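# Following is a predicted model, sequence given first.
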Amino acid sequence: MNMKVLMIEDNESVAEMMQMFFLNESWEATFEYDGQKGLDTFLANPDEWDMITLDLNLPTLDGMTVCREIRKISSTVPIIMLTARDSESDQVIGLEMGADDYVTKPFSPLTLIARIKALHRRAELTEGEEDGIENETKRYDIQTDHFKMNTKTREAYLNEQLIDGLTPKEFDLLYTLAKKPRQVFSREQLLELVWDYQYFGDERTVDAHIKKLRQKIEKVGPQVIQTVWGVGYKFDDSGVEST
C-alpha cells in the first residue's frame, strides 16, 4: 500500500527509528519536530496526507492543540496519538479531541505500523465506497422514520438534519450500532468490530468515542445511543419524535 505519513514528533531518535520502518513499507514520510511547524505543514496541503502520527508533548504547540486544529480542517484524516504510558487522562482527552487511536510510549515500531495499517485499511474502504458516488447519493444503507445513513457519502441524518463533523471512527461506530438497532454491544465487541484489532481490554477508547459521538448527535436531535449499564451500548431511535 502506498501512503504519505506526517509524523509530528520532537524526539529525533524516535523519528529516525520510524523512518527506517516507513521506508521498509515503501511509505513516504515527512517529519516535523515542533507542534506549530507540524500544523503548518498539514495546513499547507490538508489533502496530501494519508496518516498523521502526533506526539502529545511538543514544543510551541502541544499535541492536543494540534489535533484540535487539524480536526477543524479535516474530520477524515486518520490521526494516531503517541502518549506516555501513565497518562491515562491524556489518552482519553486525545480521543475526545478527535484522534482515531493512540499508542503508548515506549512502543514497538511494529505495533505502530500495525495500527497505521489498520486505520489505512478503513480509509481505503471508504474511498472505494465513494466510487460512483453521484449515482448513490439518494440510497441509504440504513433508514428508519427518524434516522438514515449513507456509507457512500459517509453521512448520517437524524430527523433530516445532518450529524456534522463525524470522524471516520465515529461514523463506523454509529454505523455498527445502527445497523442492528436495539442490539446491545459490549465494549469488547465494539473494539473488535470498529477498530479491527484487539485493544487488550482498553475500554476507554470506546467510551471516549461514544462521548464525542453523542455530543455531535445532540446538536441535531435527541440521543439515540443508549447505555445499557453493566453491558455496553445500543442504538435505539424508537422514542424519537418527528419534527
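Structure received.
# what ranges of the chain fall below the confidence cut-off?
Applying pLDDT under 70 to the chain flags residues 85-88, 122-138, 197-202, 242-243.
# residue ranges of the strands in it, please?
4-8, 28-32, 51-55, 79-84, 101-105, 142-143, 147-150, 155-158, 161-162, 185-186, 225-228, 232-235 (DSSP state E).
# tell me the most buried of the ones you listed?
strand 51-55 (a mean of 25; mean count of other Cβ atoms under 10 Å). In this view, the C-beta of every residue, glycine as well, is placed from N, C-alpha and C.
# possible to save the strands of the chain as JSON lines with distance to residue 14?
JSON lines is the format used below for these (distance: least, Cβ to Cβ, whole Å):
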{"stretch": "strand 4-8", "distance to residue 14": "9"}
{"stretch": "strand 28-32", "distance to residue 14": "10"}
{"stretch": "strand 51-55", "distance to residue 14": "8"}
{"stretch": "strand 79-84", "distance to residue 14": "8"}
{"stretch": "strand 101-105", "distance to residue 14": "8"}
{"stretch": "strand 142-143", "distance to residue 14": "42"}
{"stretch": "strand 147-150", "distance to residue 14": "39"}
{"stretch": "strand 155-158", "distance to residue 14": "37"}
{"stretch": "strand 161-162", "distance to residue 14": "39"}
{"stretch": "strand 185-186", "distance to residue 14": "35"}
{"stretch": "strand 225-228", "distance to residue 14": "37"}
{"stretch": "strand 232-235", "distance to residue 14": "35"}
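# how far away is the most centrally placed residue in the chain from residue 89?
In the chain, the centroid-proximal residue (Cα atoms, centre = their mean) is residue 100; its distance is 3.0 Å. To residue 89, residue 100 is 18 Å away according to Cβ to Cβ, to the nearest Å.
# same deal with residue 121?
Distance check for residue 121 against residue 89: by Cβ to Cβ, it reads 29 Å.
# again with residue 165
In this view, residue 165 and residue 89 are 24 Å apart by Cβ to Cβ.
# Next: residue 118.
Residue 118 is 24 Å from residue 89, by Cβ to Cβ.
# okay, those two: which has more neighbours?
residue 118 (16 against 10; other Cβ atoms under 10 Å).
# Surely the more buried one is in contact with residue 194?
No: contact criterion Cβ atoms under 8 Å: residue 118 and residue 194 do not qualify, at 10.6 Å.
# all helices for the protein, in order.
12-24, 35-44, 63-73, 88-97, 109-129, 168-178, 187-195, 204-218 (DSSP state H).
# CA atoms only: put the shortest one into PDB for me.
Listed next in PDB are the C-alpha coordinates belonging to helix 187-195 (Å, rounded to 0.1, in the frame of the first residue of the first chain):
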ATOM      1  CA  ARG A 187     -17.200  -2.600  24.600                       C
ATOM      2  CA  GLU A 188     -15.100  -5.600  23.700                       C
ATOM      3  CA  GLN A 189     -17.300  -6.300  20.700                       C
ATOM      4  CA  LEU A 190     -17.100  -2.700  19.500                       C
ATOM      5  CA  LEU A 191     -13.400  -2.700  19.800                       C
ATOM      6  CA  GLU A 192     -13.200  -5.800  17.600                       C
ATOM      7  CA  LEU A 193     -15.800  -4.700  15.100                       C
ATOM      8  CA  VAL A 194     -14.900  -1.000  14.700                       C
ATOM      9  CA  TRP A 195     -11.100  -0.900  15.400                       C
END
